[in-house]
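Asks: 3D, please:
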Amino acid sequence: MFYRNHFRMTFFASLVLCLGVLSSCDSNNGGNTPQPGVFAWTVQQQPQGGDELRDVSALDETHVWAVGHAGTILIYDGTDWSSQASGTTITLRGVSAVDETHVWAVGDRGTILFYDGTDWSPQASGTTITLRGVSAVDETHVWAVGDRGTILFYDGTDWSPQASGTTDNLWGVSALDETHVWAMGERGTILFHDGTDWGPQASGTTDNLWGVSALDETHVWAVGVGGTTLFYDGTDWGPQASSTTGNLWGVSALDKTHVWAVGDRGTIVFYNGTSWTTQTGTTTGTLRGVSALDETHVWIAGVGRTILFYDGTSWTTQTGTNTGTLRGVSALDETHVWTVGTNGTILFYDGTAWGPQASGTTAFLLDMSILDESRVWVVGGGGTILFYNGTAWGPQASGTTYFLLDVSALDESRVWAIGSAGTILFYDGTAWGPQASGTADSLYSVFALDETHVWAVGAGGTILFYDGTSWAAQVSGTTHSLHSVFALDESHVWAVGGGGTILFYDGTDWGPQVSGTTDILRDVSVLDESHVWAVGGGGTILFYGGNDWGPQASGATDTLYGVSALDETHVWATGNGEIILFGTK
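Replies: Take a look at the predicted model:
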């Protein structure tokens, strides 16, 4: 989100309930050391309950588990879904069941939980890095993967690290047996474990891969950004046409002719052994995980605690409280603040209370840019672009179906939007049209300082710079995905991302600043050289006082996706469960 007046605030959002922290390395800038204790955060809007379900694992018709944000664990007994006490408020991102008394769940801050058939209890992971996937073969062979190339193995007694040979974030893992395990992640990374060591396999793509499912040694599927679908035949990985350009987050292979993949905007695609086709679901919200037990028992979990069930004929909703995630927030002044999120949600703050505005869409809305009260842009899933004229929201034609993740406006005739697969769009006051980015990597954030100084950041440490004529790459020095960028002037630019990465640009080079966290950082907002905030996983809020980064107590435990600073006494942060935090001195 981006506001341009005397100063700017921009912030990228991506999944929701907590405030995040920035991390990584170091850079020198004059200023004051931050004093986190002087700043207080309070809740303006309470989280709306368990929001997003991240994964699902079906053991049999009466034992199905789904996990998600704020420690949510649900179990299906064949009739109803009910909650199980997880003992944590940390976001859980993966679940795998071996039998009724051996179930594992993993999540943020190195969290690993184990279910013994009666209770969930923590297991020591030995790391605080976010874990994003887990796959169990049996009681003594369990793998978990996560950020910064983390791979952990459980031998029935303890968890221990395994060398992955990469620092790329790993998003999914599928274990067929002790000697056939696949993991995948950022920039098309695919790793294979032969029972002794992990080694790379050529994927043929640089797209982020988010889900993997191994049926046997010669039938493995991986899915990811922009509908990317890959198939492994035992020798090589190759692409398959998925029938969608939306992001795919999860895949489950039942047999060679029954494979399901799910993703953005309620997308469900099915592979019959020959081709992928679309199946009609019951939601337009993001779907994160899928688990196929047999041809007539398939479950999907997603945003708003949505759970879909397939009986072999059609998809129906089994449960769904439809609480949402707020991804981006932007403040024009004390009485004009907007935040956006799942299911077309747009909320407006008038200085007294938050209330909804009609968006006219059910798309996942991800970020915004504000010029003034009557010129506001919002972007989101499926190429959605909305414009607010001071009275009502209406659509603008983008010419793309790719996810648009951020937007930045200089004035009415100079607006940029970026998104999946290297998409960059430019609005000249009349129509949107493409600009060549020179990359196929997804772009997550954009910031326009003036017409010859525009930055975009994204997957794999990608940083692009626009000089008024063309886009060109800048060296970031990291392979972590960068989720947000904010420019105060030509020599004071910050970018934040995975693994607590914080980068600073001094007008010549990008260099790291020490964040003090390994949590993923989702957004950054700059007021001046000594007032910078970053938010991210686990409710992390970091503050930069001109010299060092330090934490601020948010009171939140789930991911924060957006932050916007109006002045030193008016700062907003938003996240999962539609939480809204307000910060002031």
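Asks: now do the helix or strand hosting Arg522: which elements does it pack against?
Replies: According to DSSP states H and E, Arg522 maps onto strand 521-528. Where contact means 3 or more C-beta pairs under 8 Å, 6 or more residues apart in numbering; DSSP states H and E, strand 521-528 is packed against strand 8-10, strand 482-489, strand 492-497, strand 531-536, strand 560-567. Where you see a C-beta, it was placed from the backbone N, CA and C, and this is true even at glycine.
Asks: looking at those, which is buried most?
Replies: Greatest average neighbour count among the helices and strands packed on strand 521-528 goes to strand 531-536 (a mean of 32), per mean count of other C-beta atoms under 10 Å.
Asks: helix/strand/coil for Asp207?
Replies: coil (DSSP: H, G, I helix; E, B strand; the rest coil).
Asks: against Thr439, how distant is it?
Replies: Per C-beta to C-beta, to the nearest Å, Asp207 is found 11 Å from Thr439.
Asks: how far does the strand holding Arg522 sit from its chain's centre?
Replies: When distances are taken as C-alpha atoms, centre = their mean, to the nearest Å, strand 521-528 is centred 17 Å away from the chain's centroid.
Asks: hang on, the earlier thing: a markdown table for the helices and strands packed on strand 521-528, including distance to Leu74 and mean pLDDT?
Replies: A markdown table is the format used below for those (distance: least, C-beta to C-beta, whole Å; pLDDT from 0 to 100):
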| stretch | distance to Leu74 | mean pLDDT |
| --- | --- | --- |
| strand 8-10 | 36 | 36 |
| strand 482-489 | 28 | 96 |
| strand 492-497 | 31 | 97 |
| strand 531-536 | 25 | 95 |
| strand 560-567 | 23 | 89 |
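Asks: Phe364: which of the ones you listed is closest?
Replies: Closest to Phe364 of these, according to C-beta to C-beta: strand 560-567, at 11.7 Å.
Asks: list the helices and strands the following helix or strand past the closest one packs on?
Replies: Downstream of strand 560-567, the first helix or strand assigned by DSSP H and E is strand 570-575. Applying 3+ C-beta pairs under 8 Å, 6+ apart, one finds that strand 570-575 contacts strand 326-333, strand 336-341, strand 531-536, strand 560-567, strand 580-584.
Asks: so which helix or strand of this structure has the lowest pLDDT on average?
Replies: Lowest mean confidence among the helices and strands of the chain (mean pLDDT, DSSP states H and E): strand 8-10, at a mean of 36.
Asks: quick one: low-confidence ranges for the stretch 1-150 of the chain?
Replies: Counting by pLDDT under 70, the stretch 1-150 of the chain shows low-confidence ranges at 1-39, 42-51.
Asks: pull out the buried residues from stretch 425-438.
Replies: Across stretch 425-438, burial judged by 16 or more other C-beta atoms under 10 Å covers Leu425, Phe426, Tyr427, Trp432, Ser437.
Asks: tell me the contacts of the last one?
Replies: In this case it means Ser437. Ile418, Gly422, Thr423, Ile424, Leu443, Ala456, Leu464, Trp471 (C-beta atoms under 8 Å, 6 or more residues apart in numbering).
Asks: in this structure the fifth one contacts Leu464, no?
Replies: Just to be clear, that refers to Leu443. Yes - shown here, Leu443 and Leu464 form a contact pair, counting by C-beta atoms under 8 Å, at 7.3 Å.
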